[in-house]
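[1] Could you look at this predicted model? Sequence included:
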Amino acid sequence: MAILYHTLSDQQLDDTQHHAIRALLNAAFDHEFSDEDNDHAAGGVRVIAIDGAQIVGHAALVARTITIDGTPYTVGYVEGVAVWPSYQGQGIGGQIMRQITDIAQRDFTIAMLSTGKFDFYAKFGWQRFVGQSFVDDHGTLVRTADEDEGLMVYTTHTQLNQLGVAWVCDWRTGDVW
């Protein structure tokens, strides 16, 4: 297996590649990857794994404004981490996350993601979120406590990821976090 890894912007991907990424995400998430989830992965940088002509792995890193303890930060937010089911368990996801984490560390002070696979991301230096999450729903702050447990952060500014510190994301359709 000669897997090649590429870091590309959305503009560098053609329609066929965008469709292949969507098919991969649908397969990897048991067809529960919504249109909104797909939209959330757009607009940033993508790391893709290719075997021959097939895209077999993917992760996106998009910029989001997150207000932390009253200060707005441009945060690198990881979306759509997936490996084609028949390729899982071969280290492809790990290689993609190493590259995404390196990009996040280089380009952002803080990076975030939402997951249920904490041990996987912890291997790359991601830490469990311990603050309090909120969404700015068109000017009204709404506590999203049910999201707290699934969030992870990557930052050297450990004072930001502390108990009781409020993290506020902007409203978006689908999963706000």
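    Okay, I see it. In this text the structure is predicted, and so the values were computed from the model without any measurement.
[2] Please tell me how far the residue nearest to residue 107 when sequence neighbours are not counted sits from residue 126.
    Setting aside the residues directly before and after it, residue 107 is nearest to residue 76 in space (CB to CB, 6 or more residues apart in numbering), at 6.2 Å. To be clear about C-beta, it is placed using only N, CA and C from the backbone, and glycine gets the same treatment. As for residue 76, its distance to residue 126 is 12 Å (criterion: CB to CB, to the nearest Å).
[3] Just give me the residue right at the centre of this protein.
    Nearest residue to the geometric centre of the chain (CA atoms, centre = their mean): residue 78, 1.5 Å.
[4] host element of it?
    For residue 78, the host element (DSSP states H and E) is strand 71-83.
[5] Now do that strand: distance to the chain's middle.
    Counting by CA atoms, centre = their mean, to the nearest Å, strand 71-83 is centred 4 Å from the centre of its parent chain.
[6] Direction included, what does that strand pair against?
    Take DSSP bridges as the rule and strand 71-83 pairs in its sheet with strand 54-68 (antiparallel), strand 110-114 (parallel).
[7] will you turn those into TSV that also has mean neighbour count, distance to residue 10 and mean pLDDT?
    Below are those laid out as TSV (neighbours: other CB atoms under 10 Å; distance: least, CB to CB, whole Å; pLDDT from 0 to 100):
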stretch	mean neighbour count	distance to residue 10	mean pLDDT
strand 54-68	20	9	97
strand 110-114	22	18	97
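[8] so which of the ones you listed gets nearest residue 18?
    Closest of the strands paired with strand 71-83 to residue 18 is strand 54-68, at 9.9 Å (criterion: CB to CB).
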